[in-house]
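# Pasting a predicted model and its sequence here:
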There are 2 protein chains.
Amino acid sequence: MLLERDLIQSVGFRNVREGDRITGFQLRLRMPSYRGMAASLIDGVAVRVGEIVDVPHDVPTWSFGGREYTLAELWESRDIRWQLDDAAVVTVPLEGGLPDGTHEVSIDLRLRMSYIPMEHQPSVFRATRHITLSPEAAGGPFKYGVSLYSYMGDYGTVLDLETTLASVADVGATGVEILGEGHVTGYPEPSTAWIDEWFRLLEKYRLEPTNYGSWIDTRLHPGRAMTAEEGAATLQRDLRLAKQLGFSFVRPKIGVVSSDLIPDPIWTESVERSLDLAAELDVVICPEIHSPTPIKHPVVDDYIALIERTGTKHFGLLLDTGIFQDRPIPLRAGETRETRPAFLDGIGVDPADIADIAKYVVFIQAKFHDIDENQHDQQIPWEPVLRALKDAGYAGYLSSEYEGEREPWRALEQVRRQHSLMRRIAGELA
Amino acid sequence: MLLERDLIQSVGFRNVREGDRITGFQLRLRMPSYRGMAASLIDGVAVRVGEIVDVPHDVPTWSFGGREYTLAELWESRDIRWQLDDAAVVTVPLEGGLPDGTHEVSIDLRLRMSYIPMEHQPSVFRATRHITLSPEAAGGPFKYGVSLYSYMGDYGTVLDLETTLASVADVGATGVEILGEGHVTGYPEPSTAWIDEWFRLLEKYRLEPTNYGSWIDTRLHPGRAMTAEEGAATLQRDLRLAKQLGFSFVRPKIGVVSSDLIPDPIWTESVERSLDLAAELDVVICPEIHSPTPIKHPVVDDYIALIERTGTKHFGLLLDTGIFQDRPIPLRAGETRETRPAFLDGIGVDPADIADIAKYVVFIQAKFHDIDENQHDQQIPWEPVLRALKDAGYAGYLSSEYEGEREPWRALEQVRRQHSLMRRIAGELA
């Protein structure tokens, strides 16, 4: 397990219950020193959350190894330690707890260092950060998941598999989406040990595998086209692995043959040859409708035609909410509106279009880029999107796909904001 | 194992040999996509190193799973993959290899993405970074090590134990120093599994445990002083654990009782009570001479007096090279010369003072803060320091203690620069 760089961790910020009552909230803190230390060296932590609560350093309790202690108890303790690689859990009493949302949290943490002159003691570590409470709202009719795609760049550098799944569970998500070629160690033939660990972690964090991303790499070998037979073999390899790992949906990403992203014509035969296997495995193949392709488009018509023609229950549409983006992604350094693809300004598909294809939609990738500390999404209009989905009778997963700036650790808090925001809006829909 | 965030990894930048000839150099690259992919999708990488070498994209070879392939071989390959969580090793042929030092390395990496229109293909990923070649210079008479203290903030967030030890070995270091309370999971009673893993990693990376940092926390419980008996018990606990983990030196950091860092008087009895155990374990106890305490100081005189009085071979001095700092550490945001301790400007101890105490010195912590891309250390005058150590007959470890800016991953490359610089200077000493 790895920790976020900030002293104040976003993961673990949650209300706590005793029976039916919410009695306070918890925060996880990273040890600010370069070593772990005996917990008797802690001189307390003052915690402020916006205008809501402001408690002095001796009020919060501390949890180590699952046991809770008052500051006075820590001072007398002998065998309790705050280890360098473990977060301390700080609990602040607050009847009714904090409201759902993103909060400005400040700490003033005090540690006694024996090797620093008394006039500079205790050592004080201050930090302030906007973090989002694990949401309490039910958020129906939808189910909530996260795609590990959200952690692009973080995965393998600041996140390992368990740390990632723990963070997904901590937002109250019940579903996890992966990319087979990204997150399965030893793909396409993971070891038994890896598979065992995968299921151990799913059970530990109570997560259900949802969608598995795969590729049909039509340009696999230079100067040679891929045949439909090869395309089918690729897809079937992933269908089998997805099933083995517990997934119900497989999104093949198919090579394109034109500027406007028309898929390679082999897609049809590759899929049709695989429908029997999909049925046998009970896995649904679902290509994504992804910006710049809108809902009203020949590619989508072709997907639907396949469903109608074959009568299959194992092929459907995956909607990526990036198609509803109605405000531009900010230009990056060196980018101009002229040099970057126009669709990054947003293709602004009308959410009302969902109704026309709703009966074919089996999964939603909840693409987003930037949600500010007031939980305003800067690109995606969630209220009309979620309303249209609900009105269309969709009750499946909203699976987060964070695709914004790739500063390390940013995605963890962005996903928290998105889940808090989506559940709140879902609750407000009449 | 975790990767550095940059596409160009600093760890793994080294010359390669065939028999006695240096035939080229290697680089490790992180996969720039959000997924791993079949190696046949690689369209090559152009590599430039300063003014020394500039090769087009089809020249470097690629290694996966320890086997080396030409680009043409990758294109025909079926079962070779560049996994998301693995670095690719790129080898550039260059008779005689690169000279020791820090180099500006640029790459232009090309990958074929099947799902992007052909007019935007291949996808090109460019990066430039100053990284330091694993040094070739012998660097005698000294031995070279690294303290994991160097990775403060990184350890547990972007580095795990194996990644860290691999990076230490990659600079050609043979010694590793740890902080017991920082790097031993489950301290003070690590599990058998952890201890087994520790020794497995030492063997894998051919590292020798050198010095083990411990604390005598004289302020362990508020309002209560620590007795010499308690101090001795603390020290002895760490002596035993250090020995169990294979260390030869233990540096106890002792609580202080004054503004000028006079150690708590219990230190003498705590140490004297522990000398028999140190002898039995054959571990040397070595408090550090650390800025702002210079060499000519009553504290140092007291340490020497203990050695002379007891005749022990198991107590000595550890010198932290921060005492030789002769230029200031830059002010951080919000700091002023008035508000921060004066010793951060450097106490500039004359390296000639080493001669007076040399016979008691058993270990060197090679403290440093910032080495630029020309391998100029901005604070520590290595030439006179290493010359004085050599002249004094010191032939033990120089154990890196990076203490500069704590941006994630920075320490990895800074340690490389320091080892390259120290070995070069050591080689130039007459």
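Ah, there it is. Residues are numbered from 1 along each chain as shown, chains lettered A, B, ... in the order given.

# which outside residues touch stretch A:59-75?
A:26, A:39-40, A:42-47, A:57-58, A:77, A:80-82, A:86, A:88-93, B:221-222 (CB atoms under 8 Å, 6 or more residues apart in numbering or on different chains). In short, each C-beta sits where N, CA and C put it, glycine included.

# again, only this time at 7 Å
Contacts with stretch A:59-75, where a contact means CB atoms under 7 Å, 6 or more residues apart in numbering or on different chains, come from A:39-40, A:42, A:44-45, A:47, A:58, A:77, A:80-82, A:88-92, B:221-222.

# What's the ChimeraX syntax to select whichever of those residues are buried?
Remark: buried members of those, expressed as a ChimeraX selection using 16 or more other CB atoms under 10 Å in any protein chain shown:
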select /A:39,40,42,44,45,47,77,80,81,82,88,89,90,91,92 /B:221
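
# Which of the contacts of stretch A:59-75 fall in strands?
Using DSSP state E, the subset of those located in strands is A:42, A:44, A:45, A:47, A:81, A:82, A:88, A:89, A:90, A:91, A:92.

# Those residues of the stretch 301-430 of chain A touching chain B, which are they?
residue A:408 (CB under 7 Å from any CB of the partner chain).

# Neighbours of the residue of the stretch 301-430 of chain A found nearest chain B, how many?
Closest approach between the stretch 301-430 of chain A and chain B, counting by CB to the nearest CB: residue A:408, at 6.3 Å. Using other CB atoms under 10 Å in any protein chain shown, residue A:408 has 19 neighbouring residues.

# check the ones in strands among the contacts of stretch A:59-75 against chain B, which are close?
Of those, not one also sits near chain B (CB under 7 Å from any CB).

# need those in TSV with pLDDT, can you?
TSV is the format used below for these (pLDDT from 0 to 100):
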residue	pLDDT
A:42	98
A:44	98
A:45	98
A:47	98
A:81	97
A:82	98
A:88	98
A:89	98
A:90	98
A:91	98
A:92	98
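
# between those residues, which is closest to residue B:165?
Distance to residue B:165, by CB to CB, is smallest for residue A:81 among these, at 23.1 Å.

# hang on, that closest one packs against residue A:36?
Yes: in terms of CB atoms under 7 Å, residue A:81 counts as a neighbour of residue A:36; the distance is 5.8 Å.

# Show me which residues of stretch A:253-262 are buried.
A:253, A:254, A:255, A:256, A:257, A:261, A:262.

# Just the residues you listed: which are in strands?
Judged by DSSP E, strands contain the following of the buried residues of stretch A:253-262: A:253, A:254.

# Give the full set of residues in contact with the residue of the stretch 301-430 of chain A closest to chain B.
Residue A:408 touches A:154, A:157, A:158, B:5, B:408, counting by CB under 7 Å, 6+ apart.

# coming back round to it: just the buried residues of stretch A:253-262 now: which is nearest chain B?
Of these, the one sitting nearest to chain B (CB to the nearest CB) turns out to be residue A:255, at 3.2 Å.

# can I have the helix or strand hosting residue A:362 written out in PDB, keeping just the CAs?
Assignment of secondary structure by DSSP states H and E places residue A:362 within strand A:361-368. What follows is strand A:361-368, C-alpha atoms only, in PDB (Å, rounded to 0.1, in the frame of the first residue of the first chain):
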ATOM      1  CA  VAL A 361     -26.800   1.000 -24.000                       C
ATOM      2  CA  VAL A 362     -25.300  -1.400 -21.500                       C
ATOM      3  CA  PHE A 363     -22.500   0.600 -19.800                       C
ATOM      4  CA  ILE A 364     -21.500   4.200 -19.200                       C
ATOM      5  CA  GLN A 365     -18.000   5.400 -18.900                       C
ATOM      6  CA  ALA A 366     -18.400   8.600 -16.900                       C
ATOM      7  CA  LYS A 367     -15.600  10.600 -18.700                       C
ATOM      8  CA  PHE A 368     -14.600  13.900 -17.100                       C
END
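
# Run the chain-centre distance for the helix or strand following that strand.
Scanning forward in sequence from strand A:361-368 by DSSP H and E, the next helix or strand is helix A:382-391. Helix A:382-391 has its C-alpha centroid displaced from the chain centroid by 20 Å (CA atoms, centre = their mean, to the nearest Å).

# now do stretch A:188-202
Computed by CA atoms, centre = their mean, the separation of stretch A:188-202 from the middle of its chain amounts to 20 Å.

# next one: stretch A:272-282
On CA atoms, centre = their mean, the centre of stretch A:272-282 falls 29 Å from that of its chain.

# and what of stretch A:410-428?
The answer for stretch A:410-428 is 10 Å, by CA atoms, centre = their mean.

# Give me the residues contacting it.
A:4, A:10-11, A:100-102, A:131-133, A:135, A:137-140, A:142, A:144, A:146, A:150-151, A:154, A:167, A:171-173, A:366, A:368, A:371, A:375, A:377, A:382-383, A:386, A:398, A:400, A:402, A:404.

# Buried only: go through the residues you listed for me.
For the contacts of stretch A:410-428, buried by 16+ other CB under 10 Å: A:4, A:10-11, A:100-102, A:131-133, A:135, A:137, A:139, A:142, A:144, A:146, A:150-151, A:154, A:167, A:171-173, A:366, A:368, A:371, A:375, A:377, A:382, A:386, A:398, A:400, A:402, A:404.

# would the residue of the stretch 301-430 of chain A closest to chain B count as being in a strand?
No: judged by DSSP: H, G, I helix; E, B strand; the rest coil, residue A:408 forms no part of a strand; its state is coil.

# what's in contact with the helix or strand where residue A:9 lies?
Assigned by DSSP H and E, residue A:9 belongs to strand A:8-18. For strand A:8-18, contacts defined as CB under 7 Å, 6+ apart pick out A:3-4, A:22-30, A:87, A:89, A:91, A:97-98, A:105, A:107, A:127, A:129, A:131-134, A:136, A:166-167, A:170, A:412-413, A:416.

# likewise stretch A:389-404?
A:141-147, A:149-150, A:175, A:177, A:210-211, A:354-355, A:358, A:361-370, A:411, A:414-415, A:418-419, A:422, A:429.

# Taking the stretch 101-250 of chain A, what residue is nearest to chain B?
Closest point on the stretch 101-250 of chain A to chain B, by CB to the nearest CB, is residue A:114, at 3.2 Å.

# Settle this for me: that residue is touching residue B:221, isn't it.
No: using CB under 7 Å, residue A:114 is not in contact with residue B:221, being 11.1 Å away.

# ok, now how distant is the residue nearest the centre of chain A from residue A:365?
Residue closest to the average C-alpha location in chain A (CA atoms, centre = their mean): residue A:146, at 3.6 Å. Look at residue A:146 and residue A:365: by CB to CB, to the nearest Å, they are 10 Å apart.

# go on, residue A:275?
Residue A:275 is 22 Å from residue A:365, by CB to CB.

# Which one of those two is surrounded by more residues?
residue A:365 (27 against 17).

# and the more buried one, what does it touch?
A:147, A:288, A:318, A:320, A:321, A:399, A:401.

# what number of residues lie near residue A:201?
17.

# Now do the helices in the stretch 251-400 of chain A.
Under the criterion DSSP state H, counting those that start in this stretch, the stretch 251-400 of chain A contains helices at A:266-272, A:275-281, A:298-310, A:354-357, A:382-391.

# Using PDB, write out the CA atom coordinates for the fourth one.
These are the backbone C-alpha positions of helix A:354-357, laid out as PDB (Å, rounded to 0.1, in the frame of the first residue of the first chain):
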ATOM      1  CA  ILE A 354     -29.800   9.100 -25.500                       C
ATOM      2  CA  ALA A 355     -33.400   8.200 -25.700                       C
ATOM      3  CA  ASP A 356     -33.100   7.000 -29.300                       C
ATOM      4  CA  ILE A 357     -30.500   4.400 -28.500                       C
END
